[in-house]
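Novice: sequence unknown, structure follows:
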């Protein structure tokens, strides 16, 4: 990875790195260190003194049924978002790969939700499904479906999952499309000549060859659902009703910023950090594998 | 069944099925946007009608004028959308240009020089990928308070300027610049800064464009950070303000103004992604390689 020809200069490279490193240290490493430090401390009610409590904050968290519930809820939420964003995206990509006329038009429209802020996406869906003014809520009522995300936790969860998946389909679609375009046409033609049907080709050729992309996207989608859906949840439900849509990131925010419980909030931050590190490691293992192809 | 038959079946099927499925996709994508657009052109009374009418009305002109120059009157006295959009634009542009500049020069340092600590610094930048704002909310907030950056553009933008993704992309691209170019430059007596300005930057144009789209959208759509860092309404970015305009139940929501502001808020990033679609697709798939 190293270049043969380089410039010789003792100070310039440090100068060039300085701005990025300054931001990194002040706003990333220092706060992360603080989070780790605070996670093993207990602050008294007036915020005057701190005492070292070891892993007590973590123990408290894992003994707290509320936290465990939030943990499971996050896993279900992420799984549901990933699945509902991956399956349609794959379907649309398979179809988009086959059309000639209008291909550019389809892609342009399907990519749009990527540009829309999570919180704004949340507002769009909140409005459509609002029991008082929403057009879709009205249709559901006509169909005899009892729908109220303001009172019913399950309805609220379904609503945030839909909004989150809607936004992520664009991203998945582009990656699936790129993946499909890299499958050698000769393979598919050979299969057709052997009399393989569409489904058979998909199962035996396309899907296996797409599996690295799919795996990569699965990780990316889980990371997205874990961390980037804060805006959606805050805009649509604020974690409610009765915490039914409170995921891990939302709880860190709520306990830290709203309830001002520094110790447990920091411990939660540290747990989240561990999760990101784990997911990033998994993601880069995939990249390594891909390089070996 | 002969091969010709199969080809015919394939042909006829590929003719309509993909279009039908893709149109369903378009419908799912566009419908929420369309409903929002229609609502942004109705009077509050029309919005409250169930079912709401599904075609726009001329009331829209008044709604957009009110949203743009006055803002919502609900529980949250929002500044006019022009202020909000201006704030978002400042944040998006400062973050985008900041990230691109800072990443270009640090990738340049890592690729074109040898110096003690080179890989250590590179890894330091890389690791920030694993520390999103969401994970270090409170302590970062505290640092920004200590530095007196609360309620300022600096506080809104500076902490977002480090970028592992952009640095990785530029580093990857810089490594493909042929050694001969560097040699030629050295023979001509061009120093590292001259080479950076006259060779590296012009060669990086497509990559810079790709990063521009992704980072502009990233900056414009920031939510959690501005929510924490601004307590004064006049510094709110548009995305945060929209959420605040929606009443919590006690007060009715000015839906027509909220919807008009929502449309105004999504126009800039949508225009950028449409205008620079090629760069965007390339940039997105390249950064993840």
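Specialist: Yep, that arrived. Remember, predicted model here, so these are calculated numbers, not experimental data. Numbers count the residues shown, from 1 in each chain, chains lettered A, B, ... in the order given.
Novice: Which of the helices or strands spans the nearest residue in space to residue A:247 that is not next to it in sequence?
Specialist: Closest residue to residue A:247 apart from its sequence neighbours, by CB to CB, 6 or more residues apart in numbering or on different chains: residue A:74 at 4.3 Å. In short, each C-beta sits where N, CA and C put it, glycine included. Counting by DSSP states H and E, the element that carries residue A:74 is helix A:65-96.
Novice: Any part of the helix or strand that that helix is followed by near chain B?
Specialist: Following helix A:65-96 in sequence order, the next helix or strand is helix A:103-111 (DSSP H and E). Yes. Helix A:103-111 comes into contact with chain B (CB under 8 Å from any CB of the partner chain), by way of A:106-111.
Novice: List buried residues within the residues you listed.
Specialist: By neighbour count, with 16 or more other CB atoms under 10 Å in any protein chain shown, the residues of helix A:103-111 next to chain B hold A:106-107, A:109-111 as buried.
Novice: hmm, back to that, show me how far the helix holding residue A:74 is from its chain's centre.
Specialist: 9 Å (CA atoms, centre = their mean, to the nearest Å).
Novice: just the helices in the stretch 151-289 of chain B please.
Specialist: Ranges of helices within the stretch 151-289 of chain B are B:153-157, B:164-174, B:179-187, B:192-195, B:201-203, B:205-220, B:224-229, B:238-245, B:255-275, B:277-287, based on DSSP state H, counting those that start in this stretch.
Novice: Which other helices and strands does the third one contact?
Specialist: On a contact count with 3 or more CB pairs under 8 Å, 6 or more residues apart in numbering or on different chains; DSSP states H and E, helix B:179-187 meets helix B:192-195.
Novice: The helix it packs on and chain A in contact?
Specialist: Yes. Counting by CB under 8 Å from any CB, chain A has neighbours in helix B:192-195: B:192-193, B:195.
Novice: Quick one, which of those are buried?
Specialist: B:192, B:195.
Novice: if we can go back for a sec, any chance of a markdown table for the buried ones among the residues of helix A:103-111 next to chain B, columns pLDDT?
Specialist: As requested, those are arranged in a markdown table below (pLDDT from 0 to 100):
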| residue | pLDDT |
| --- | --- |
| A:106 | 92 |
| A:107 | 91 |
| A:109 | 93 |
| A:110 | 94 |
| A:111 | 93 |
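Novice: if you compare the helices of the stretch 151-289 of chain B, which one is most tucked away?
Specialist: Using mean count of other CB atoms under 10 Å in any protein chain shown, the stretch among the helices of the stretch 151-289 of chain B with the greatest mean number of neighbours is helix B:238-245 (a mean of 26).
Novice: picking that back up, turn the residues of helix B:192-195 next to chain A into JSON lines, including pLDDT.
Specialist: Below are the residues of helix B:192-195 next to chain A laid out as JSON lines (pLDDT from 0 to 100):
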{"residue": "B:192", "pLDDT": "89"}
{"residue": "B:193", "pLDDT": "91"}
{"residue": "B:195", "pLDDT": "91"}
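Novice: want to try JSON lines for the residues of helix B:192-195 next to chain A, with distance to residue A:238 as columns?
Specialist: Output for the residues of helix B:192-195 next to chain A, formatted as JSON lines (distance: CB to CB, whole Å):
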{"residue": "B:192", "distance to residue A:238": "52"}
{"residue": "B:193", "distance to residue A:238": "51"}
{"residue": "B:195", "distance to residue A:238": "53"}
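Novice: Just give me the closest of the residues of helix B:192-195 next to chain A to residue B:77.
Specialist: Of all the residues of helix B:192-195 next to chain A, residue B:193 has the smallest distance to residue B:77: 49.9 Å, by CB to CB.
Novice: Not counting its neighbours along the chain, what's nearest that closest one?
Specialist: residue A:12 (7.6 Å).
Novice: what's the burial count for that neighbour?
Specialist: Other residues near residue A:12 come to 20 when the count uses other CB atoms under 10 Å in any protein chain shown.
Novice: Can you name the residues that contact it?
Specialist: Taking CB atoms under 8 Å, 6 or more residues apart in numbering or on different chains, we find residue A:12 in contact with B:109, B:113, B:192-193.
Novice: again with residue A:87
Specialist: No contacts exist for residue A:87 under CB under 8 Å, 6+ apart.
Novice: Looking at the buried ones among the residues of helix A:103-111 next to chain B, which is nearest residue A:100?
Specialist: residue A:106 (11.1 Å).
Novice: Next one: residue 139, what pLDDT does it get?
Specialist: Defaulting to chain A. What the model reports as pLDDT for residue A:139 is 92.
Novice: wrong one, I was asking about chain B
Specialist: pLDDT, read off for residue B:139, is 84.
Novice: Where does it fall, secondary structure wise?
Specialist: With DSSP H and E as criterion, residue B:139 is part of helix B:137-146.
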